[in-house]
Every structure is written in structure tokens, then in C-alpha cells.
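Trainee: here is a sequence with its predicted model. Questions after.
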Amino acid sequence: MNRTLVTGGAGFVGSFLCERLLEDGHTVLCLDNLQTGSVSNIAHLMAHPRFKFCVMDVELPLSSIDQVDQIFNLACPASPVHYQTDPIRTMRTNVLGAINVLELARRTGARILQASTSEVYGDPVLHPQTECYRGNVNPFGPRACYDEGKRAAESLFFDYHRMHDVDIRIARIFNTYGPRMAREDGRVVSNFVLQALQGQPITIYGDGQQTRSFCFVTDLVDGLVRLMNSDAHMVQPCNLGNPGEFTILELAEMVVEMCRTKSGIVFEPLPVDDPTRRQPDITLAKRELNWAPRVALREGLAQTFAYFSDAEAMAAE
């Protein structure tokens with residue numbers, strides 16, 4: 001029975017990961033400072049005998065934890081709306097947080113997985129993006145606190161591996177969506193779904209021809225678990241995402257069709273440094289983890305619609 005720590009465990013992805021680990025027989029310690037996470041995401045887990053939740057910030061040393069076998073470091077705001085609100089804190093979470101979880105892994109001998117991001121590729125010149133691509137990131141732009149923070153965290157993970165033989169895994173996560181996304185998340189899927197449900201115009205930033213690849217949350221969690229449990233040589237970064245590539249306009253039209261809304265589509269200026277194309281090459285994950293996404297975009301959107309529709313109904317009561 002693995003004793004597993006999940007930082008950021010009350011967040012969107014973290015809560016699904018905690019669920020999966022409990023199903024797999026782990027004892028789970030969930031840490032979250034609730035900056036963007038929510039107790040409501042894990043309320044159904046609170047009574048589980050192998051689950052414990054602590055309000056704690058990874059910017060502080062984790063000296064109170066003395067036994068752990070695996071660490072999933074998911075602590076960090078992941079949407080531009082949230083990570084740009086306090087960019088200095090975002091950088092601290094990425095850098096100080098990485099140091100603190102790595103020190104815990106060094107002290108306990110735990111294997112540790114860093115939830116990195118496709119944002120380390122910036123606005124990519126190479127398409128689709130492979131793990132060997134070093135990226136095209138603006139280090140001074142409004143997204144840099146997240147992009148460069150995650151790149152710095154990856155660097156720290158490799159330094160701890162080289163200097164202290166810490167057993168590391170690094171997942172580069174591409175756009176993830178699904179139930180439990182926050183209403184104020186600000187990312188494209190939750191924005192479109194909520195606007196459609198409320199009968200508001202669907203807002204596209206830019207001309208809508210920029211592309212993204214959308215991975216349903218349970219597919220991502222399966223990839224994270226497989227990567228954590230992979231062979232010792234898998235210390236290099238590994239892309240986890242759905243290689244299906246859609247334009248933002250295609251996504252908007254799909255949302256309007258599925259929601260049967262009369263919402264129109266409006267266009268606004270593209271934010272600074274917003275990537276124009278994003279698609280993962282998952283050859284490594286397929287070969288080494290026997291992993292590939294299973295949930296098609298329409299199927300995942302239907303589940304996301306159902307979640308937000310219920311949330312809207314509850315909010316209206």
C-alpha cells in the first residue's frame with residue numbers, strides 16, 4: 001500500500017487524481033492552500049479511511065511529513081486568469097514549491113512527479129511538439145511567471161536527480177478539461193460552456209484559427225499514474241495530452257451545436273503571447289507507458305456540460 005502525497009490535491013486535476021489513487025489502494029495525503037482549489041472537489045473523499053486533507057502551502061517546508069512513498073506535485077494555479085493575478089506568488093509556488101517537495105523526496109526516498117506543462121514550449125515553432133523541443137518562450141511577458149516557473153521547476157528536478165539521486169518523473173500536460181473546472185477558471189472550455197448555458201455570446205480571442213488539443217481529465221490522470229509507476233529510465237519529460245488538434249472556432253461551433261443554444265460568436269483581440277498552435281507528440285507516452293487518450297472531445301464535452309448545467313441549476317436555487 002503506497003503512502004502518496006498529492007500537492008494541489010483539492011484542485012480540478014488533483015481531486016480526480018486523489019480519487020484514482022484511492023481506487024488503486026493508496027493511502028492519500030492531500031495538501032492544498034485553497035488558492036484555486038476547493039474543498040467541494042474532495043468533499044466526497046473526506047470520510048474515506050485512507051484519505052487525509054491538510055490545508056498547507058508548498059512554499060513552506062514540509063517538515064511535518066516523515067513517511068511517503070510517492071509525491072505528485074500539482075500545486076500551482078494553471079489558468080492565466082489565476083496565475084497572472086499574482087505572478088510573483090506563482091513563481092514562488094513553482095520554485096520554492098519544487099524545492100520543498102524535492103527536499104521531502106530526498107529525505108524520505110520517495111519517487112516524485114512534477115506536473116509541468118505544455119506552456120514550457122511557449123508559442124512553438126516546431127509542430128507538433130516533441131519532448132526534445134526547447135521551446136519559444138517570452139521570459140518577460142505576462143505569462144512568464146507560469147511558463148518560466150515551470151521550466152525552472154523542471155531544472156530543479158533534474159538537479160536533484162543528478163546531485164541527490166532523487167527518483168523523478170516529469171509530465172508536460174497539455175490542455176485538460178472536464179467536470180470540476182472552476183466557474184471562474186478562465187480557460188477556453190469552461191468559458192465556452194458557461195457562456196452557452198447562459199445564452200451569452202461565445203467569446204473568441206483572436207481570429208479563432210489558433211489551435212489546441214483537449215485532453216479529458218480522467219485520461220490525463222491515467223497518464224500521470226502510469227508515468228509515476230514507469231520504469232526507472234523514464235526520468236526525461238513526457239508529454240501527456242490528446243493529439244487531436246482543433247481550432248478554437250471549431251470548438252466554439254461544437255459547443256453551440258451540443259448546447260443547442262442561440263449564442264452567437266464574437267471576436268476579441270488575442271492576449272499577449274497566447275500560443276497560436278499547440279499539439280502534443282505522444283510517441284514517448286505510447287511506447288513507454290502504453291498510454292493514449294480514450295475520451296473523444298464530444299464525449300468529454302457532454303460530461304462537462306452536465307457538470308456545469310447542474311452547477312448552474314444549484315446556483316439559481
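Mentor: Now that the structure is in, tell me what you want to look at.

Trainee: so what's the nearest residue to residue 53 once chain neighbours are set aside bridging to?
Mentor: Nearest residue to residue 53, sequence neighbours excluded (Cβ to Cβ, 6 or more residues apart in numbering): residue 30, at 4.7 Å. C-beta coordinates here come from the backbone N, C-alpha and C atoms, glycine included. Assessed by DSSP bridges, residue 30 has beta-bridge partners residue 6, residue 53.

Trainee: for residue 30, give me its contacts.
Mentor: 6, 9, 10, 14, 18, 42, 45, 51, 52, 53, 54 (Cβ atoms under 8 Å, 6 or more residues apart in numbering).

Trainee: show me which pair in those residues is furthest apart.
Mentor: Farthest-apart pair in the contacts of residue 30 is 14 and 52; separation 14.1 Å (Cβ to Cβ).

Trainee: so where do the strands sit in the chain?
Mentor: Per DSSP state E, the chain carries strands over the ranges 3-7, 27-32, 51-55, 70-73, 111-117, 168-173, 176-177, 202-205, 211-212, 215-216, 237-240, 246-247, 265-268.

Trainee: residue 144: which of these is closest?
Mentor: For the strands of the chain, the distance to residue 144 is smallest for strand 111-117, at 12.9 Å, taking Cβ to Cβ.

Trainee: now do the buried residues in that closest one.
Mentor: Going by neighbour count (16 or more other Cβ atoms under 10 Å), the buried part of strand 111-117 is 111, 112, 113, 114, 115, 116, 117.

Trainee: go on, stretch 139-158?
Mentor: Under the neighbour-count criterion of 16+ other Cβ under 10 Å, stretch 139-158 has 141, 143-151, 153-154, 156-157 buried.

Trainee: which of those fall within helices?
Mentor: Taking DSSP state H as the definition of helices, the buried residues of stretch 139-158 contribute 144, 145, 146, 147, 148, 149, 150, 151, 153, 154, 156, 157.

Trainee: so the first one versus residue 150, what's the distance?
Mentor: Counting by Cβ to Cβ, to the nearest Å, the separation of residue 144 from residue 150 is 10 Å.

Trainee: give the contact list for the spatially closest residue to residue 219 that is not a sequence neighbour.
Mentor: Counting by Cβ to Cβ, 6+ apart, residue 219 lies nearest to residue 293, which is 4.1 Å off, once chain neighbours are set aside. Counting by Cβ under 8 Å, 6+ apart, residue 293 touches 215, 216, 219, 241, 242, 243, 244.

Trainee: residues contacting the closest residue to residue 62 other than its chain neighbours?
Mentor: Nearest-residue entry for residue 62: residue 104, 4.7 Å, with adjacent residues in sequence omitted and distances by Cβ to Cβ, 6+ apart. Applying Cβ under 8 Å, 6+ apart to residue 104 gives the contacts 5, 62, 65, 68, 71, 110, 112.

Trainee: how many residues are close by residue 77?
Mentor: For residue 77, the count of nearby residues is 23 (other Cβ atoms under 10 Å).

Trainee: same question for residue 89.
Mentor: That count, for residue 89 with other Cβ under 10 Å as the rule, works out to 16.

Trainee: then residue 87?
Mentor: Neighbours of residue 87 (other Cβ under 10 Å): 15.
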